[in-house]
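Student: Just the structure for this:
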Amino acid sequence: MSFPSDYVPRTSVQSTYHKSSHEDKYVAEPFPTAVRALKDGAASHEHTRTLVICLDGTGDQFDNDNSNVVHFVSCLRKHDPSKQVTYYQSGIGTYDAGGLRNGMAAAIDMAVGSGLGIHIKDAYKFLMQNYRDGDKICLFGFSRGAYTVRCLAGMLHKVGLLPASNGAQVNFAYSFFKDDTVEGWKMSAQFKKTFCTNVNVHFVGVWDCVASVGFIPRKLPFSKSPTNSIHFFRHAMALDEHRAKFKLCQWQQQNPAVQRKDTIDNTPRGKLEREVRKYGIFSSIRKNKATEGVVSDGLAKRSNTAEIDHYDMEAEFEKLDGTRKAHQRAITDAKECYFMGAHADVGGGAVPNETRHMLSRIPLRWMIRQCFECDTGILFSTSALAEQGLDLSTLWPDYKPTERPRTGPSSTLLEKYEQGAIPPITRRSTALGLDDSTQHDRANIGSLDLLPEQMEDYLDSMAGINDQLVQAKGWWILELWPVKVRVQLKDQDGWEKKVRMNLGRYRAVREMSPNLHWTVQDRVEKDQYKLRCRHNSNAKWNVIA
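Tutor: Down below sits the predicted model:
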C-alpha cells in the first residue's frame, strides 16, 4: 500500500486521507466502526433497512473450519435491528424442526436432502416475521445452501410473502411452490393474489451452487432458472471440482451455441428401455389427471403431460401472475466468475480457520465487493472486513473497484511467505487501530501487518487445492454410479447430456465468454496452474478482478 510522500502516519485510528484546505498536508480520517455496502458512501444515512439471510452448505455449521457463509456473517453488523437484521442457518444435515440433530437423522438428511423443505420454510418464516415495506432482501448461500437460497427466492416469486400473522399458511404456500403440475402453477398464482404480497430480492450471492440436493436429484420451480424478482445475482464457481454429485447449477445458459438435446442413456438398462418403448409396450408420455383442463392457451397444449419444461412453465406463470405489473418486473443483473480450487476452496471449510493463506478468501472478498458494487446497503464491520484482507480505503467513503495488479509481490515478501513469517491476517485490524489492542501493540506494527488486498489475493492463490477425490478416496464410489453428464460434441462447439459414470470428469464450462478471476490467469501465465475444465474450443476467457 503506497501513500503520498507528505502523508504523516498516525498511531491512532487510521482511514483514508484527504487534503486539508488550510495546509498542503494529507490528514488521516478515522474509519467508522461500520460501513454500508454502497458505491456512494454519502448516501448511507438515507438507506433503508437490510434483511440478510445466509444459508450454509451440507453439514456446515460454526466450527474450526468455517465456510465462507460463516466468515461472511462474521463481517456483518448485528447490533441495531432498525438498520439491519441478519439470519444464519446451518447446513442440510445439521438440524431439523427441533434444532440440531445427530446420528442417523443427520446422515439421512445429508444423503437425500430430506430437510430441504424445513430449511426453505424456516428462512421464509424469518422474512415473514421481519419484513417491512421498503426493506432490501439479500440472500447468500454455499453449496446446497446456495441451492436452498435460490429455492427461497423462487418461492417468494411464485407464491409471494405471507404476512407475519398468517403462519398457519406457510405449509400450504410451500406445497403450492413445489407443485410443478399445471394446476399447481395456477393455484400458486391465485394463492399469491389472495394471501400474499409481492417482494423483490435485491441481491443473491452464492458460492459454488450445486444442482441437486442429496443422492436423489430434485428440481424445484425457479431453483435454477432466473426469476424477474431478483435484481442482482452473483456466483463464485469452482474450476477444479470434479465429483459426480457436485454438478454446478448456473444462472441460466443463454448461449445459442449450447445445444439442448435429450439425455442419452447408454447403460444396459437405458438401452433396454429404449427397445421396449420402440415397440410400444410402454408409453413414453404419462397422463396426469390432475393437470387436465384448460388453464391458458399456452398451458392447455401440454396439460396432459407430467414432465413439463420448467422454462416454458415459468414463462407461462408470468401471464397467470396478476399481482406484478410489467413495470415492476426487474431485469436481473447476473455475473458468474470462475475461481481456482475445488468446491470447498471456493465456498470455504477446506482448511482450519487459523490457516494464514487459503484459496477461499479470494471468492469471499470478491463477493463482499459485489455487495458494494450492487448497492446492497449491507452494514459491515470495518474491523472484520480488514481481517478478511480487504482494503478499507477502497470501500469508504466511496467505493473504488479493485484491479489486477501490474506487478507481483517483491522477492522479500515471497521469501517471508515461504518462511511462514507473514503475521496472522487478524493483525490488519490492529494495524488500522480498529480493534481493542493497546497503544503498545499498535506501536509494533510492521509493513507485513497490512498487506495490500491484491497481495493478499496473490498469496492466497498460491495455497493448495483440496481435491476430495484425492484426499477422501471414498468419494470414488459415487464416481461409478451412472449420472447425467455433459459431453462435448465432436466439433467441440456444443454439448449434449449422456448418462454414464463420471469417473472424475472435470466440469464443463459451456459459456463462450466465461469470467475468470485474475488470480487464475496469473497462475496460468506463470505455468503454476493448468485449466483442467472442459470448454468450447473457441471460448474466450474474460479476466476480471
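Student: quick one: low-confidence ranges for the stretch 401-545 of the chain?
Tutor: 437-443, 492-493 (pLDDT under 70).
Student: which residues in it form helices?
Tutor: 411-419, 427-431, 439-443, 453-460, 468-471, 476-479, 518-525 (DSSP state H, counting those that start in this stretch).
Student: Could you dump these into CSV and include distance to Ser537?
Tutor: Bear in mind the C-beta positions are built from the backbone N, C-alpha and C, glycine included. Listed next are the helices of the stretch 401-545 of the chain as CSV, based on distance: least, Cβ to Cβ, whole Å:
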stretch, distance to Ser537
helix 411-419, 36
helix 427-431, 43
helix 439-443, 55
helix 453-460, 30
helix 468-471, 26
helix 476-479, 26
helix 518-525, 17
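Student: Reformat these as TSV; add mean neighbour count and distance to Asp133.
Tutor: Formatted as TSV, the helices of the stretch 401-545 of the chain follow (neighbours: other Cβ atoms under 10 Å; distance: least, Cβ to Cβ, whole Å):
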stretch	mean neighbour count	distance to Asp133
helix 411-419	13	51
helix 427-431	23	36
helix 439-443	11	45
helix 453-460	22	37
helix 468-471	14	45
helix 476-479	14	46
helix 518-525	18	41
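Student: Select, out of the ones you listed, the one closest to Thr402.
Tutor: Proximity to Thr402 (Cβ to Cβ) singles out helix 453-460 among the helices of the stretch 401-545 of the chain, at 6.3 Å.
Student: chain center to that closest one, what's the gap?
Tutor: 21 Å (Cα atoms, centre = their mean, to the nearest Å).
Student: Check which helices and strands it sits against.
Tutor: helix 361-373, helix 411-419, helix 518-525 (3 or more Cβ pairs under 8 Å, 6 or more residues apart in numbering; DSSP states H and E).
Student: what about the nearest residue to Leu516 once chain neighbours are set aside, how many neighbours?
Tutor: Leaving out its chain neighbours, the residue that sits closest to Leu516 by Cβ to Cβ, 6 or more residues apart in numbering is Trp541, at 4.5 Å. Counted with other Cβ atoms under 10 Å, the neighbours of Trp541 add up to 17.
Student: Extract the C-alpha trace of stretch 130-138 and format it as CSV.
Tutor: Only the C-alpha atoms of stretch 130-138 are listed here, as CSV (Å, rounded to 0.1, in the frame of the first residue of the first chain):
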residue,chain,number,x,y,z
ASN,A,130,-39.2,-9.3,10.0
TYR,A,131,-40.0,-7.8,6.5
ARG,A,132,-41.3,-4.3,6.4
ASP,A,133,-42.2,-2.4,3.3
GLY,A,134,-39.1,-1.0,1.7
ASP,A,135,-36.6,-3.4,3.2
LYS,A,136,-33.8,-4.8,1.0
ILE,A,137,-33.6,-8.6,0.9
CYS,A,138,-30.2,-10.1,0.4
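Student: in it, what's buried?
Tutor: Neighbour counts over stretch 130-138 (16 or more other Cβ atoms under 10 Å) mark 130-131, 135-138 as buried.
Student: cool, and stretch 186-206?
Tutor: 186-189, 191-192, 195-196, 198-206.
Student: Tell me which entries of those residues lie within helices.
Tutor: 186-189, 191-192, 195 (DSSP state H).
Student: Asp345: which of those residues is nearest?
Tutor: Ser188 (38.1 Å).
Student: Report the contact partners of the spatially closest residue to the closest one that is not a sequence neighbour.
Tutor: Using Cβ to Cβ, 6+ apart and skipping residues adjacent in sequence, the residue nearest Ser188 is Phe176, 4.4 Å away. With contacts defined as Cβ atoms under 8 Å, 6 or more residues apart in numbering, Phe176 is in contact with 158-159, 184, 187-188, 191.
Student: Out of those, which comes closest to Pro482?
Tutor: Gly184 (29.9 Å).
Student: so where does that closest one fall, helix or strand?
Tutor: helix 182-195 (DSSP states H and E).
Student: Give the other helices and strands that that helix contacts.
Tutor: Using 3+ Cβ pairs under 8 Å, 6+ apart, helix 182-195 sits against helix 144-159, helix 170-178, helix 297-300, helix 310-320.
Student: at 7 Å what do you get?
Tutor: Applying 3 or more Cβ pairs under 7 Å, 6 or more residues apart in numbering; DSSP states H and E, one finds that helix 182-195 contacts helix 144-159, helix 170-178, helix 310-320.
Student: Lowest average pLDDT across those helices?
Tutor: Confidence, taken as mean pLDDT, is least for helix 310-320 of the helices and strands packed on helix 182-195 (a mean of 63).
Student: Quick check: next helix or strand after that helix?
Tutor: Defined by DSSP H and E, the subsequent element after helix 310-320 is strand 333-339.
Student: From the chain's centroid, how far away is the next helix or strand after that next one?
Tutor: Once strand 333-339 ends, the next helix or strand along the chain (criterion: DSSP H and E) is helix 343-347. With Cα atoms, centre = their mean as the basis, helix 343-347 stands 11 Å off its chain's centre.
Student: swap in stretch 496-503?
Tutor: 26 Å.
Student: still on that earlier bit, tell me the one among the buried residues of stretch 130-138 nearest to Ser410.
Tutor: Using Cβ to Cβ, those come closest to Ser410 at Cys138, 38.3 Å.
Student: Give the helix, strand or coil label for the closest one.
Tutor: strand (DSSP: H, G, I helix; E, B strand; the rest coil).
Student: what comes up buried for stretch 161-181?
Tutor: 161-162, 169-170, 173-174, 176-181.
Student: Stretch 417-426 now?
Tutor: 417, 422-423, 425.
Student: ok, and what's touching that stretch?
Tutor: For stretch 417-426, the surrounding residues in contact (Cβ atoms under 7 Å, 6 or more residues apart in numbering) are 356, 387, 389, 416, 448-449, 459.
Student: Ok, stretch 31-47 next?
Tutor: Residues contacting stretch 31-47 (Cβ under 7 Å, 6+ apart): 13, 15, 77, 371-373, 375-382, 392, 395-399, 432, 434.
Student: Leu128 against Ala164, yeah?
Tutor: Just so we're on the same page, residue 128 is Met rather than Leu. Yes. Here Met128 reaches Ala164: they are 5.2 Å apart, a contact under Cβ atoms under 7 Å.
Student: Looking at the buried residues of stretch 130-138, which is nearest Asp56?
Tutor: Cys138 (15.7 Å).
Student: Report the contact partners of that closest one.
Tutor: Contacts of Cys138 (Cβ under 7 Å, 6+ apart): 50-52, 202-203, 376, 378.
Student: So which of these sit within strands?
Tutor: 50-52, 202-203 (DSSP state E).
Student: any chance of those residues in CSV, plus distance to Glu403 and pLDDT?
Tutor: Listed next are the ones in strands among the contacts of Cys138 as CSV, based on distance: Cβ to Cβ, whole Å; pLDDT from 0 to 100:
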residue, distance to Glu403, pLDDT
Thr50, 28, 98
Leu51, 32, 99
Val52, 28, 99
His202, 26, 97
Phe203, 23, 98
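Student: number of nearby residues for Thr148?
Tutor: 33.
Student: quick one, what contacts it?
Tutor: Thr148 neighbours (Cβ under 7 Å, 6+ apart): 55, 116, 119-120, 141.
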